[in-house]
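[1] For reference, the sequence and a predicted model appear below.
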Amino acid sequence: MVQARLATFRQLLGERKLEAMLVTNSYNRRYLSGFTGSSGALLITPDQAVLLTDFRYRTQAPQQAPHFRLVEHKPKLIETAAELLAEWKIGELGFEQQDVSYGTYAAYSASLGSIKLVPTDGWIEELRMVKDDAELAVMQEAAELADRTFQHMLTVLKPGLSENDAALELEFFMRRHGATSTSFETIIASGERSALPHGKASERIMKTGEFVKMDFGAYYKGYCSDITRTVVLGQASEKHREIYDIVLEAQQLTLDRIRPGMTGKQADAIARDVIKKYGYGDYFGHGTGHGLGMEIHEAPRLSLTGETVLKPGMTVTVEPGIYLPDFGGVRIEDDIVMTDSGMRRLTQATKDFIIID
């Protein structure tokens with residue numbers, strides 16, 4: 001798997017006429033090499049593949065990245081990179097411009113001398129958008145863990161429970177069942193706080209007759225899941241049901257119609273048009289979805305500005321919502337993978353309108 005990724009990246013270097021690349025982003029480093037350590041960089045040319053790291057990873061690095069030559073770098077990594085580039089007679093070096101600060105760029109320039117620095121943007125992220133079978137298998141497991149967690153929470157939620165206590169139980173359940181951690185800080189927002197799209201759990205006590213919105217995910221074997229479900233405690237009003245049904249209609253129509261060849265902007269419009277039709281367009285202010293994988297937010301985006309064309313193997317969320325100040329909000333979210341003709345859902349937890357007694 002790593003060999004194939006490295007070969008694809010080297011082909012990309014050739015197509016874009018770049019002699020060498022320094023990979024410093026930790027996710028991209030892991031994607032191309034398999035190395036999970038907290039420090040290091042990859043130095044890649046058409047015929048060289050070096051993992052630069054420090055003494056702490058002398059044993060781990062060769063085990064995880066057997067297709068890379070391990071080099072323990074000097075106190076300043078870029079100085080070791082400069083020596084290798086000079087040895088290989090390399091005249092230019094690509095770097096990840098989104099991962100390098102101006103101060104780091106200045107340090108690179110000082111150490112590299114006559115070697116030209118060439119900024120690159122999103123080259124490896126572009127490769128990461130399309131998942132291989134091994135990645136999809138892990139993401140399916142992460143999604144199934146999220147599904148089981150939601151089912152568990154249906155037995156936990158009740159009036160009188162604090163959002164923080166609910167979040168703690170949710171996170172314990174995922175950890176007990178194999179998650180390394182959460183994919184992101186858990187969102188549990190009840191009552192009027194459910195109108196906050198990113199309302200992190202608080203000390204607020206849940207009450208009867210309120211929405212409870214749960215947005216969470218399992219970080220599992222290096223990949224993320226991301227699911228949102230909204231329920232009602234005790235008893236529901238007509239307004240609760242109305243808002244829920246609109247969001248569910250928008251989400252389901254998007255799942256039914258999304259397909260490869262469509263842009264993220266076109267997919268976003270499916271959900272957005274439904275919510276606008278019912279008069280709630282002003283209360284849906286975020287994108288319909290985003291890519292996910294090693295990171296919780298990756299390309300492509302299902303949004304008003306999403307120009308990336310969807311392809312088989314891309315994994316995205318579909319998560320429209322309506323958020324009414326002083327009342328509450330609903331979001332319903334699933335993880336999907338694009339297929340040759342449409343999509344396949346990774347998350348399968350029920351989306352029925354649930355009232356917890």
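    Arrived safely, thanks for sending.

[2] what's the pLDDT at the nearest residue to residue 181 once chain neighbours are set aside?
    Leaving aside its sequence neighbours, residue 181 sits nearest to residue 219 (C-beta to C-beta, 6 or more residues apart in numbering; 4.7 Å). Any C-beta I mention is one placed from the backbone N, CA and C, and that applies to glycine too. pLDDT for residue 219: 98.

[3] quick one: what helix or strand has residue 219 in it?
    Using DSSP states H and E, residue 219 falls within strand 218-220.

[4] Name the residues that touch the next helix or strand along the chain from that strand?
    Using DSSP H and E, the helix or strand that follows strand 218-220 towards the C-terminus is strand 223-224. The list of residues contacting strand 223-224 from outside it, by C-beta atoms under 8 Å, 6 or more residues apart in numbering, reads 135, 138-139, 142, 183-184, 217-218, 292-296.

[5] Just the CA atoms from the following helix or strand past strand 223-224 would do, formatted as PDB, please.
    Sequence order places strand 227-233 as the next helix or strand after strand 223-224, per DSSP H and E. C-alpha atoms of strand 227-233 as PDB (Å, rounded to 0.1, in the frame of the first residue of the first chain):
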ATOM      1  CA  ILE A 227     -22.100  11.400  12.900                       C
ATOM      2  CA  THR A 228     -24.800  13.700  14.100                       C
ATOM      3  CA  ARG A 229     -28.200  12.600  15.500                       C
ATOM      4  CA  THR A 230     -30.900  14.800  17.200                       C
ATOM      5  CA  VAL A 231     -33.500  13.400  19.600                       C
ATOM      6  CA  VAL A 232     -36.200  14.900  21.800                       C
ATOM      7  CA  LEU A 233     -36.500  14.300  25.500                       C
END
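
[6] helices or strands up against strand 227-233?
    In terms of contacts (3 or more C-beta pairs under 8 Å, 6 or more residues apart in numbering; DSSP states H and E), strand 227-233 is packed against helix 133-153, strand 210-216, helix 238-257, strand 328-331, strand 355-356.

[7] got a markdown table for those, with mean neighbour count and distance to residue 103 too?
    Shown next, in a markdown table, are those (neighbours: other C-beta atoms under 10 Å; distance: least, C-beta to C-beta, whole Å):
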| stretch | mean neighbour count | distance to residue 103 |
| --- | --- | --- |
| helix 133-153 | 19 | 34 |
| strand 210-216 | 26 | 35 |
| helix 238-257 | 18 | 43 |
| strand 328-331 | 26 | 39 |
| strand 355-356 | 16 | 52 |
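
[8] Tell me the spacing between the spatially most central residue of the chain and residue 328.
    Note on the chain: the residue nearest the mean C-alpha position is residue 296, at 2.0 Å, using C-alpha atoms, centre = their mean. For residue 296, the distance to residue 328 (C-beta to C-beta, to the nearest Å) stands at 24 Å.

[9] tell me the domain ranges of the protein?
    The chain breaks down into these domains under automatic domain parsing: 2-127, 133-356.

[10] what's the closest residue to residue 286 other than its chain neighbours in contact with, if anything?
    Once flanking residues are discounted, residue 286 sits nearest to residue 197: 5.8 Å by C-beta to C-beta, 6+ apart. For residue 197, the contacting residues are 285, 286, 321, 323, 329, 331, by C-beta under 8 Å, 6+ apart.

[11] Much appreciated, bye for now.
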